[in-house]
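Chemist: quick one: sequence and predicted model below, then my questions.
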Amino acid sequence: MPCFFFVTTNFLDNKTLHYRGKVSLCIDVLTALDDHRGKSIARDLAELGAPPDWNPAGLAHWLLSLGHTDEPRVDAACSLLGVDVASFLKTRRPYLTGAEVRRLAEDGFTVGAHSKTHATPGLLSEDELEEEIVGSSRIVMQLTGRDRVPFAFPHSSAG
């Protein structure tokens, strides 16, 4: 049965975690905090722009409102909350490896590019957008041995 797989190349081999994955890990920690620790964390997160009051739902909403350009704030939140992204990537390995992508292509599946970082295209400069599209396509072509690969825009091509 034919199937297409579109990969975001910076995540291959679990080199980095998408900012939304980091947000999810932060929310997991927030929901487990007691009130005393939560109030302390809320004050620290407020310095990053979060609402200043201890309200797990409100802080989760703030985290979910952050975009890819806010990744430094997401990383700072991870640090404040004790989220060890490197350990998560090493132990959980949520993404495909280059070897797995090669194996999918060898098994007859179509592998395409889905950008390098999964950034919203409409928020990128022309040079950044070109690198997201062409750079990720080149990596997938190298992995699959194909001279052309399909590309799927993250978040649609709107904008």
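Modeler: Alright, I've got the coordinates.
Chemist: where do the helices sit along this protein?
Modeler: All helices of the chain, identified by DSSP state H, fall at 19-32, 35-46, 56-65, 71-81, 85-92, 98-106, 126-130, 136-144.
Chemist: residue 1: which of those is closest?
Modeler: The minimum distance between residue 1 and these falls on helix 98-106, with 13.2 Å, by CB to CB. In short, each C-beta sits where N, CA and C put it, glycine included.
Chemist: what angle separates the closest one from helix 136-144?
Modeler: Relative orientation of helix 98-106 and helix 136-144, computed by axes from the mean of the first three to the mean of the last three CA atoms, to 10 degrees: 80 degrees.
Chemist: which helices and strands sit right next to helix 98-106?
Modeler: strand 4-7, strand 110-113, helix 136-144 (3 or more CB pairs under 8 Å, 6 or more residues apart in numbering; DSSP states H and E).
Chemist: the same query, at a cut-off of 6 Å, please.
Modeler: The criterion is 3 or more CB pairs under 6 Å, 6 or more residues apart in numbering; DSSP states H and E, and the helices and strands that helix 98-106 contacts are strand 110-113, helix 136-144.
Chemist: now do the contacts for the residue most central in space within the chain.
Modeler: Compute the mean C-alpha point of the chain, and by CA atoms, centre = their mean the closest residue is residue 18, 1.2 Å away. Each residue near residue 18 by CB atoms under 6 Å, 6 or more residues apart in numbering is listed here: residue 118.
Chemist: just for this structure, where's the confidence low?
Modeler: Applying pLDDT under 70 to the chain flags residues 157, 159.
Chemist: as a quick check, tell me the outermost residue of it.
Modeler: Centroid-distance maximum for the chain: residue 36 at 30.6 Å, with CA atoms, centre = their mean.
Chemist: how much space between that residue and residue 30?
Modeler: Separation of residue 36 from residue 30 (CB to CB, to the nearest Å) stands at 14 Å.
Chemist: ok, now residue 146?
Modeler: According to CB to CB, residue 146 stands 43 Å off from residue 30.
Chemist: with neighbour numbers in mind, choose between these two.
Modeler: Taking neighbours as other CB atoms under 10 Å, residue 146 and residue 30 compare with residue 30 leading, 21 against 15.
Chemist: can you convert the helices of the chain into JSON lines and add a column each for distance to residue 5?
Modeler: Converted to JSON lines, those look like this (distance: least, CB to CB, whole Å):
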{"stretch": "helix 19-32", "distance to residue 5": "19"}
{"stretch": "helix 35-46", "distance to residue 5": "36"}
{"stretch": "helix 56-65", "distance to residue 5": "27"}
{"stretch": "helix 71-81", "distance to residue 5": "25"}
{"stretch": "helix 85-92", "distance to residue 5": "20"}
{"stretch": "helix 98-106", "distance to residue 5": "6"}
{"stretch": "helix 126-130", "distance to residue 5": "22"}
{"stretch": "helix 136-144", "distance to residue 5": "10"}
